[in-house]
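Visitor: Let's see this in three dimensions:
(one chain, ligands or ions: 1)
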Amino acid sequence: MRKALIVVDVQNDFCEGGSLAVVGGAQVAIDVEALINSGTYGAVVATRDHHIDPGTHFSDNPDFVDSWPRHCVVGTDGEKFHAPLAAPMFDEIFFKGEYTAAYSGFEGKSSSGAPLVNWLRTWGIDAVDVCGIATDYCVRATALDAAAEGFAVTVLEDLTAAVSNDNLPKVRAEFDAAGVMTG
Ligand SMILES: [Zn+2]
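Guide: From the prediction side, this is the model:
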């Protein structure tokens with residue numbers, strides 16, 4: 001199996017100090033950098049929330065389910081990778097959500113317009129490990145889409161952070177049902 005690491009949305013706005021901070025986000029950035037530097041993966045890609053005007057995804061009175069405070073706006077510091085992660089560490093970056101909510105990295109495209117699934121297939125990838133933020137939203141959606149596309153998927157749960165830990169039992173049941181491993 002040729003395996004890729006997909007690093008989901010480890011961006012400043014989703015880490016401590018950001019506009020939509022997820023507890024543990026900054027630690028995820030540190031731990032993911034160490035994993036990348038271990039050299040385990042033949043390919044390492046990242047996804048980024050990349051909003052211009054995503055409609056009702058943003059709200060001044062967010063419900064934190066379908067609507068959220070403004071975050072990851074193109075051109076802001078909040079949209080950048082959280083240190084120590086940085087763009088040159090990745091073989092490719094997939095941007096999503098310009099004009100609509102986009103939870104899955106499979107909705108993203110590279111700067112040259114390549115969708116994530118095409119890129120993975122071109123690189124001969126058949127298995128993916130998924131980590132990042134948030135476990136119960138964009139990691140969940142990315143992992144489920146990867147399984148639906150036929151990849152062997154493992155979510156590295158220790159390298160994720162959740163908006164709400166109360167969501168995790170339901171998310172783990174969805175992973176089980178889809179054949180997504182956790183480890
Ligand atoms: Zn968003």
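Visitor: Alpha carbons only: can I get the longest strand seen in the chain in CSV?
Guide: Counting by DSSP state E, the longest strand found in the chain is strand 152-161. Provided in CSV are the C-alpha atoms of strand 152-161 (Å, rounded to 0.1, in the frame of the first residue of the first chain):
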residue,chain,number,x,y,z
ALA,A,152,-8.2,2.5,3.2
VAL,A,153,-8.6,5.1,5.9
THR,A,154,-7.3,5.5,9.4
VAL,A,155,-8.1,8.6,11.6
LEU,A,156,-5.1,9.3,13.9
GLU,A,157,-7.4,10.4,16.7
ASP,A,158,-4.6,11.4,19.0
LEU,A,159,-3.6,13.9,16.4
THR,A,160,-7.0,15.6,16.2
ALA,A,161,-9.0,18.0,18.3
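Visitor: Same question for it: list its buried residues.
Guide: 152-157, 159-161 (16 or more other C-beta atoms under 10 Å). For the C-beta atoms, the positions are set from N, CA and C on the backbone; glycine is no exception.
Visitor: Show me where this structure has its strands.
Guide: Using DSSP E, strands in the chain cover 3-8, 43-49, 92-96, 127-133, 152-161, 181-182.
Visitor: Now distance to E33 and mean pLDDT too, for the ones you listed, in a markdown table please.
Guide: Compiled in a markdown table, these are given as follows (distance: least, C-beta to C-beta, whole Å; pLDDT from 0 to 100):
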| stretch | distance to E33 | mean pLDDT |
| --- | --- | --- |
| strand 3-8 | 10 | 98 |
| strand 43-49 | 11 | 98 |
| strand 92-96 | 15 | 98 |
| strand 127-133 | 11 | 98 |
| strand 152-161 | 10 | 98 |
| strand 181-182 | 21 | 96 |
